[in-house]
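S.K.: Following is a predicted model, sequence given first.
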Protein chains: 2
Amino acid sequence: MEKQVTAHEVAKLAGVSQSSVSRVFTKGASVSEKTRKQVLEAAEQLGYRPNEYARSLIMRKSSLIGLVMKGVSNPYYPHAVKKFTAELKKLGYSVLLIDTDDVELQMHDIDALLSYHVAGVVIMDATASFQTAEMLKRFRIPAVLFNRVVPGTGLHSVSCENESAAREIARLLIARGCKSFTYVGGREGASTHIERLKGFTEELRDHGFGCQVLPGDFTYATGYRNGAEMIESGRLTDAVFAVTDLMAYGIFDAFRDRGVLIPEQVKLVGFDDIEMSSWSPYNLSTYAHPVDRMVALSIELLLDSERSHAAGEVHYLPGEMKLRGTT
Amino acid sequence: MEKQVTAHEVAKLAGVSQSSVSRVFTKGASVSEKTRKQVLEAAEQLGYRPNEYARSLIMRKSSLIGLVMKGVSNPYYPHAVKKFTAELKKLGYSVLLIDTDDVELQMHDIDALLSYHVAGVVIMDATASFQTAEMLKRFRIPAVLFNRVVPGTGLHSVSCENESAAREIARLLIARGCKSFTYVGGREGASTHIERLKGFTEELRDHGFGCQVLPGDFTYATGYRNGAEMIESGRLTDAVFAVTDLMAYGIFDAFRDRGVLIPEQVKLVGFDDIEMSSWSPYNLSTYAHPVDRMVALSIELLLDSERSHAAGEVHYLPGEMKLRGTT
DNA sequence: TCAGGAAATGAATACGTATGCAATTAAGGG
DNA sequence: CCCTTAATTGCATACGTATTCATTTCCTGA
């Protein structure tokens, strides 16, 4: 860090005190128009920017929000990240990016969040453990789980209406005349997986249908393998619902590579509506997250002083079915 | 920001001075084993973390690296981001994420970088203007353009060997017996576009071939449109080289939708080798970036005090051709 | 013109940490 | 056991800014 321009230097050039300089850059402070102009001019000339470290230190308030991502496998998350940074920027916050390899938020990452006393943490994808939740609680750092619900942690959650969406998907497939069904899931324990599984199988049961459930991990490769095995083991069904678009692509490709026609022989539905789903090789029917509203609500939960430290709220927001060529 | 645990409180509990606490957390400082143990114990008990704001302030040195991304359209970048965060974490740096909408780095974003006096900036994708470069120079913030070269800015650049890679691709297509060629480009002015275009057309010329050049913008949609137009206008060639994999997918799909067979009728090559390229609908021949080495070199350029402020170095690193089903 | 109140300003201080300096303790050698 | 030297330690200070409080300036109306 090079020698930086300080408020004192600006003050000297503008012929005022450091206090006045500070006031010009603190909204709500009382400064005369004349002083403001002199200060801004001097600041411009010297290229002055308030030092955020000194500012956060004295104000005991951070302007950083921690954004925790697990990976880059699912294109859905980078997209949400963009929304977050854009919205937070408007509110004067910057983003501290934590990109953890593991499913679990590592202690090292927690350290970084704590060292900067971030104003809040958004945890995407990563399954937060109770230990992590305890840490965040202990240091009174507001946190919200994005697209995940982990009961018992007491953390806020903002998620899609997975269960009712899955029910809607089940009804759609039934209406299309399907008689046998498969659900290809995500990582064991992930709430998105659990909720979609529950909604799908329960709705099917309500209509008198069963459902084959295959294990997964949210990856394309596993989707492909599941699709291949379904064919090879002769357990192909009329309809397949994949927990994410990414897995649906894998299933689709396995089917296509083996001559199984979609939607003629099998109807396929995904979840997420990432960009690729509208591409012609897939043209996948899927359920779109209400990303904008999910982001807005997450930020609201983090920054509203009334709610940020209150008991964890769990929100399920309705998205929108996207009917395309696979149904 | 809640009342935090300070070094003073730790000192009191451990029965030592604040200085000693600080020394325990400053590597290279001289502390007796006994004191260290007492302090660490007290720190653990209280959940103490050094305040990064106070630390950066007094040390006049930031532990943040700014990571500037333009968008999320190309999955290649999230992948590189992950590498950066992982490597920087090892070196004790955290990442300040700037996700700018525009091609141009906005003043607002620059402000954030300057307020935190970041130790360095990685600019991905975004085409840095001279004005931006001047700003960074003026405030002596080391910067590196990742996957872009902008001559005249004096900024460091770390890029793939685009030109020679494009030559290699040209030779490959010639060896496959192609006689007519098309290059589908990226955004006008982007160095990746310019260099790949140059290498491809020059190598073709050296072998006595011409090349149809179509404009693009790095997106799938434009790739698709170009592919469709090539067919509809009857200007289909034996070979097509797309500036990125993403555009290649668009071209591929436009061809497939219109019954043009790849690789039988047309050979197609992309650039980037993102994950999707190995999926079965594409199985795209492409050129892989040496991402790991590019990231490592970028970080080296930023943090090596000898080079970080020196004249801009421009590096082109060799990648690797990936031969798959489209050639 | 002047009194009185509001608005604006400056001086001083605090935020939590790293570090130079002086003082103290420990270590080692005879 | 004492002297010399090295290793630790504590005190005090500085980093750059926001804010309290006292003081000064400005404005308004009579």
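M.R.: That came through, no problem.

S.K.: Is A:C178 in contact with A:D238, as I believe?
M.R.: Yes - using C-beta atoms under 8 Å, A:C178 is in contact with A:D238, at 3.8 Å. Using the backbone N, CA and C atoms, a C-beta is placed for each residue, glycine as well.

S.K.: residue contacts, the nearest residue to A:S17 once chain neighbours are set aside?
M.R.: Sequence neighbours aside, A:A11 is the residue nearest to A:S17 in space, at 5.6 Å (criterion: C-beta to C-beta, 6 or more residues apart in numbering or on different chains). By C-beta atoms under 8 Å, 6 or more residues apart in numbering or on different chains, A:A11 lies in contact with A:17-18, A:20-21, A:39, A:42.

S.K.: in stretch A:180-188, what's buried?
M.R.: Buried residues in stretch A:180-188, counted by 16 or more other C-beta atoms under 10 Å in any protein chain shown: A:180-187.

S.K.: So for it, mean pLDDT?
M.R.: The average pLDDT within stretch A:180-188 is 95.

S.K.: Likewise for stretch A:262-274?
M.R.: The model assigns stretch A:262-274 a mean pLDDT of 96.

S.K.: Poorly predicted segments of the stretch 1-150 of chain A, please.
M.R.: A:1-2, A:72, A:103-105, A:126-128 (pLDDT under 70).

S.K.: in it, which spans are helices?
M.R.: Assigned helices in the stretch 1-150 of chain A, in chain order: A:7-14, A:18-25, A:33-46, A:52-59, A:76-90, A:107-115, A:130-138 (criterion: DSSP state H, counting those that start in this stretch).

S.K.: Give me every residue in chain A lying close to DNA strand C.
M.R.: Residues of chain A lying close to DNA strand C by C-beta under 7 Å from any atom of the strand are A:15-20, A:23, A:30-32, A:34-35, A:54, A:57-58, A:60.

S.K.: Any residue of the host helix or strand of A:G250 touching chain B?
M.R.: For A:G250, the element it lies in under DSSP states H and E is helix A:245-257. Yes - for a cut-off given as C-beta under 8 Å from any C-beta of the partner chain, helix A:245-257 has contacts with chain B, namely A:249-250, A:253-254, A:256-257.

S.K.: Can you get me a residue count around the residue of the stretch 101-250 of chain A found nearest DNA strand D?
M.R.: Across the stretch 101-250 of chain A, the shortest distance to DNA strand D (C-beta to the nearest atom of the strand) belongs to A:H117, at 14.5 Å. By other C-beta atoms under 10 Å in any protein chain shown, the residues close to A:H117 number 22.

S.K.: That one contacts B:K3, correct?
M.R.: No - in this structure A:H117 lies outside contact range of B:K3 using C-beta under 8 Å: 10.7 Å.

S.K.: residue ranges of the strands in the stretch 101-250 of chain A, please?
M.R.: Under the criterion DSSP state E, counting those that start in this stretch, strands of the stretch 101-250 of chain A are mapped to A:120-124, A:143-146, A:156-160, A:181-184, A:212-214, A:239-242.

S.K.: With respect to burial, which of these scores highest?
M.R.: Among those, ranked by average contacts under mean count of other C-beta atoms under 10 Å in any protein chain shown, first place goes to strand A:239-242 (a mean of 30).

S.K.: what about that strand and chain B, any contact?
M.R.: No - Strand A:239-242 does not reach chain B (C-beta under 8 Å from any C-beta); its nearest approach is 14.8 Å.

S.K.: can you list the domain ranges for chain A.
M.R.: A:7-50, A:62-160+A:291-320, A:162-288 (automatic domain parsing).

S.K.: that older thread, can I get the buried part of the contacts of A:A11 as one ChimeraX selection?
M.R.: Listed next is the ChimeraX selection for buried residues among those, using 16+ other C-beta under 10 Å:
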select /A:20,21,39,42
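
S.K.: okay if I get the contacts of A:A11 as TSV plus distance to B:E134?
M.R.: Listed next are the contacts of A:A11 as TSV, based on distance: C-beta to C-beta, whole Å:
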residue	distance to B:E134
A:S17	31
A:Q18	28
A:S20	29
A:V21	25
A:V39	24
A:A42	20
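
S.K.: List just the nearest of the contacts of A:A11 to DNA strand D.
M.R.: Among these, A:Q18 lies closest to DNA strand D (C-beta to the nearest atom of the strand), at 5.3 Å.
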